[in-house]
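In: what's the 3D shape of this:
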Amino acid sequence: MRVAVAIVLAFISTAALADSTGERKSGDRPPSATDVISGLYDFSRFQQGLLESTDLKGNAEVKNLAALRAEEAAKRDKALKQIQEAIGAEPRVGKTTSVGASLIEPETSDGPTYVRSFYASQIPEYESAIKLLESYLKAPDNTTLAAFAREQLPLLRAQVKDAQRTMADK
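Out: So this is what the prediction gives:
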């Protein structure tokens with residue numbers, strides 16, 4: 001009987017934790033400008049983390065791509081900072097994805113395995129950023145940020161397709 005009670009309590013606490021982490025369901029409100037800015041800053045931190053990871057273990061191909069993506073992230077952050085200041089949004093500190101943890105460790109990987117892992121780690125991050133922008137554009141609360149989101153979406157979609165295509169080729 002105690003085991004059954006423990007299982008039920010564990011299930012309830014897990015469900016409550018999932019609700020409290022801010023996971024969105026289709027019926028939730030669209031993201032606010034602050035949500036979008038926070039989410040894009042999280043995405044930029046991920047891209048910066050890729051650069052740091054490739055400095056330690058990557059080949060020239062992934063190092064160059066990571067440097068390019070980090071540079072794009074810095075430009076995006078600069079534009080976001082201007083929008084953030086103009087609307088007075090205070091972004092929340094979000095998840096800090098550990099890129100190193102999501103990429104295969106160098107001791108256990110060979111070149112092609114690491115490269116596939118490098119591209120594979122990007123896909124869910126891109127998809128998350130794209131989904132955030134698409135959700136925001138359904139009911140934007142700031143015209144400047146909406147224009148920025150419309151500008152970013154095609155770039156992010158092209159980059160995730162490149163990552164998927166490259167990963168499939170490797």
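In: Sketch out the low-pLDDT regions of this structure for me.
Out: Where the chain drops to pLDDT under 70, the residues are 1-27, 92-110, 170.
In: Now do the helices in it.
Out: For the chain, the helices defined by DSSP state H cover 2-20, 33-57, 60-87, 99-102, 111-138, 143-169.
In: Could you tell me the angle between the fifth one and helix 33-57?
Out: For helix 111-138 and helix 33-57, the angle between their directions (axes from the mean of the first three to the mean of the last three CA atoms, to 10 degrees) works out to 170 degrees.
In: same for helix 111-138, what does it pack against?
Out: Using 3 or more CB pairs under 8 Å, 6 or more residues apart in numbering; DSSP states H and E, the elements in contact with helix 111-138 are helix 33-57, helix 60-87, helix 99-102, helix 143-169. All C-beta spots, glycine's among them, are computed from the backbone N, C-alpha and C.
In: please redo it, this time with the cut-off set to 7 Å
Out: Under the contact definition 3 or more CB pairs under 7 Å, 6 or more residues apart in numbering; DSSP states H and E, helix 111-138 sits against helix 33-57, helix 60-87, helix 143-169.
In: In the first one, which of the residues would be classed as buried?
Out: Right, the one you point to is helix 33-57. Across helix 33-57, burial judged by 16 or more other CB atoms under 10 Å covers 33-51, 53-54, 57.
In: Please state the offset of it from the chain centre?
Out: From the chain centre to the centre of helix 33-57 is a distance of 7 Å (CA atoms, centre = their mean, to the nearest Å).
In: Point out the other helices and strands that it packs with.
Out: Using 3+ CB pairs under 7 Å, 6+ apart: helix 33-57 touches helix 60-87, helix 99-102, helix 111-138, helix 143-169.
In: Pick the most deeply packed of the ones you listed.
Out: Neighbour counts (mean count of other CB atoms under 10 Å) averaged over each of these peak at helix 111-138, with a mean of 18.
In: Can you report how many residues lie near Pro140?
Out: Counted by other CB atoms under 10 Å, the residues lying close to Pro140 total 20.
In: Isn't it up against Ala146?
Out: Yes. With contacts counted by CB atoms under 7 Å, Pro140 reaches Ala146, the gap being 3.6 Å.
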